[in-house]
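1. model the following, please.
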Amino acid sequence: MAEGHTITIEQGTRRVRVRHGDQILAESGRPLLLRETGCPVRYYLPAEDVRLDLLTPSDTRTHCPFKGDARYWSLPDAADLVWSYPEPKPGVAEIKDHLCFYEVEELEEAA
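-> Okay, here's the model as predicted:
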C-alpha cells in the first residue's frame, strides 16, 4: 500500500439491500465492509446474493493500484451500477466473488 493508504475489510453484521427504483437487485446478510483511505465505506456482497440475471456486463474496466482490475455491470437506465474485482490483489483477496454497488441500505441487525 502507498504511504498513508490503508484498506481494511471486515465481515458486516447487518443485513443489507440494494434497490434501483422498485427493483431489489441484491440482499445479503453476509456483506463485507471495505474501508479505504479517502473513500466511503463500500459493501461487497457475495455474487450469489446479487440478481445477476437483471444486470448486463459492461465493457467498462478500471484499474485500482490497491485492489486490481475491476469489471462492471449495468441496468438499461443505470450504466456501471455494480463492479467487482475478479482477480483482486492479495491484500484484498476476500473481495473475490463479491460485487459492490454505489448505494446500499442497511437493514436490521443480523440474528
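
2. count the neighbours of the nearest residue to Leu99 once chain neighbours are set aside for me.
-> Nearest non-adjacent residue to Leu99, counting by CB to CB, 6 or more residues apart in numbering: Ser84, 4.6 Å away. Backbone N, C-alpha and C define where each C-beta goes, glycine included. Residue crowding around Ser84 was assessed by other CB atoms under 10 Å; the count is 19.

3. ok, Ser84 to Asp59 distance?
-> Taking CB to CB, to the nearest Å as the measure, Ser84 falls 15 Å from Asp59.

4. got it, and Ile24?
-> Distance from Ile24 to Asp59, by CB to CB: 26 Å.

5. same question, Asp22
-> For Asp22 relative to Asp59 (CB to CB), the value is 27 Å.

6. more neighbours: which of the two?
-> The neighbour comparison of Asp22 against Asp59 (other CB under 10 Å) goes to Asp59, with 8 against 5.

7. tell me what the strand or helix carrying the more buried one is packed against?
-> Asp59 is part of strand 56-64, with elements assigned from DSSP states H and E. Counting contacts by 3 or more CB pairs under 8 Å, 6 or more residues apart in numbering; DSSP states H and E, strand 56-64 packs against strand 68-75, strand 78-84.

8. for the helix or strand just after the shortest one, what is the average pLDDT?
-> In this case it means strand 78-84. Using DSSP H and E, the helix or strand that follows strand 78-84 in sequence is strand 98-101. Across strand 98-101, the average pLDDT comes to 96.

9. so what touches strand 98-101?
-> With contact meaning CB atoms under 8 Å, 6 or more residues apart in numbering, strand 98-101 is reached by 18, 25-26, 32, 34, 42-47, 50, 73, 81-84.

10. PyMOL command for the buried members of those residues?
-> Of the contacts of strand 98-101, the buried ones go into a single PyMOL selection, burial set by 16 or more other CB atoms under 10 Å:
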select buried, resi 18+25+26+32+34+42+43+44+45+50+73+81+82+83+84
